[in-house]
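Visitor: Everything below, folded, please.
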Amino acid sequence: MSYTVGQVAALSGTTVRTLHHYDQIGLLVPGGRSHAGHRRYDETDLDRLQQILFYRELGFPLDEVRPLLDDPDVDPREALRRQHRVLTERIEKLTKMAAAVQRNLEAKRMGINLTPEEKFEVFGDHDPEQYADEVEQRWGDTEAYRESRRRAASYTKEDWKRITAEGDRINRGFAALLAAGTPADSAEARDLAEQHRAWISRNHYECGYEMQRCLGEMYVSDERFTATYDAIAPGLAVYLRDAITANADRRQERPGA
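Guide: Numbering: from 1, shown residues only. As a prediction, the model looks like this:
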């Protein structure tokens, strides 16, 4: 059985133009032609296309894919190991970018009063005012928003560095508890949740237990917050939410606990 170029494009999720290009560079030459000279692909061609798409999905450039398929001196395992290192480095970079996005969200909600150079030093190469319009739309009519902006207006670069470092320490503490298998309702996790609440109240706006509960739910319901926390440790957003809830329940049931 043979297939037209259009059928192969539909089956594989590629485009006719892509298949033409693969043919032109000798990466995927169809096994036959129709009487009219049109390309016809057989099962062997489809198997090869599947391998090509596999390597492309992993990020291999086209000039490296053909040797992987045709050159007996090329070790596919070594190529995969090398690509694994490349992807790992990319993941690490994206993780850092996700953490920067989180700081940006917090920064704009609090109102940043730094020079461009100071913003770069504190928050990295991402604009902390990226979500300004959304933040104001969602919380602009609240006292917490107004209070956070009043406080932020007075903060210096060193203040922001201290606040960021404190927040990072708390997040690392939660990640360590999660990695150790410590329950979210444990005394250790609840203590960190209390530190998290105090950190917000001390630096941004007065954060009661109900307010903190809302934040915890937002960390899970807003995919941007979830992605940021889960980039620190998979499952961290849910763990943080659960720890906040457990702490609030205990504190409200037993004031001073």
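Visitor: Backbone dihedrals for Y41, please?
Guide: phi -110, psi 140 (degrees, to the nearest 10).
Visitor: Kindly report the same for R33.
Guide: phi -140, psi 150.
Visitor: can you pull up the bridge partners for it?
Guide: Beta-bridge partners for R33, by DSSP bridges, are R39.
Visitor: And the average pLDDT for the longest helix seen in the chain is what?
Guide: Counting residues, the longest helix found in the chain (DSSP state H) is helix 76-110. The predicted model assigns helix 76-110 a mean pLDDT of 74.
Visitor: Can you list the helices and strands that it packs against?
Guide: helix 62-70, helix 116-123, helix 132-139, helix 143-154, helix 157-179, helix 223-232 (3 or more C-beta pairs under 8 Å, 6 or more residues apart in numbering; DSSP states H and E). Yep, even glycine has a C-beta here, placed from its N, CA and C like the rest.
Visitor: can you rerun that using 10 Å?
Guide: Judged by 3 or more C-beta pairs under 10 Å, 6 or more residues apart in numbering; DSSP states H and E, helix 76-110 is in contact with helix 43-57, helix 62-70, helix 116-123, helix 132-139, helix 143-154, helix 157-179, helix 187-203, helix 223-232.
Visitor: The longest one vs helix 187-203, what angle?
Guide: Following axes from the mean of the first three to the mean of the last three C-alpha atoms, to 10 degrees, one obtains 160 degrees for the angle between helix 157-179 and helix 187-203.
Visitor: Name the residues of helix 157-179 that come out as buried.
Guide: Applying a neighbour-count criterion of 16 or more other C-beta atoms under 10 Å, the buried positions in helix 157-179 are W160, I163, T164, E166, G167, I170, N171, G173, F174, A175, L177, L178.
Visitor: And for the fifth one?
Guide: By neighbour count, with 16+ other C-beta under 10 Å as the criterion, the buried positions of helix 143-154 are A144, Y145, S148, R149, R151, A152.
Visitor: likewise stretch 192-206?
Guide: L192, A193, E194, Q195, H196, R197, W199, I200, N203, H204, Y205.
Visitor: swap in stretch 52-63?
Guide: I52, Y55, F60.
Visitor: Contacts only, for I52.
Guide: S12, T14, T18, Y22, L27, L28, F60, L62, V65, R66, L68, L69 (C-beta atoms under 10 Å, 6 or more residues apart in numbering).
Visitor: Could you tell me whether the fifth one really is in a strand?
Guide: Right, the one you point to is L27. No: counting by DSSP: H, G, I helix; E, B strand; the rest coil, L27 is not part of a strand but coil.
Visitor: Columns distance to V220 on top of the contacts of I52, output as TSV?
Guide: TSV is the format used below for those (distance: C-beta to C-beta, whole Å):
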residue	distance to V220
S12	37
T14	37
T18	39
Y22	44
L27	45
L28	45
F60	36
L62	41
V65	40
R66	46
L68	41
L69	44
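Visitor: of all those residues, which comes closest to A246?
Guide: A246 lies nearest to F60 out of the contacts of I52, by C-beta to C-beta, at 46.5 Å.
Visitor: So the closest one: helix, strand or coil?
Guide: coil.
Visitor: List the residues that contact it.
Guide: I52, F54, L68, A79, L80, R82, Q83, V86.
Visitor: Excluding chain neighbours, what is closest to the last one?
Guide: Okay, so that is V86. G59 (6.7 Å; C-beta to C-beta, 6 or more residues apart in numbering).
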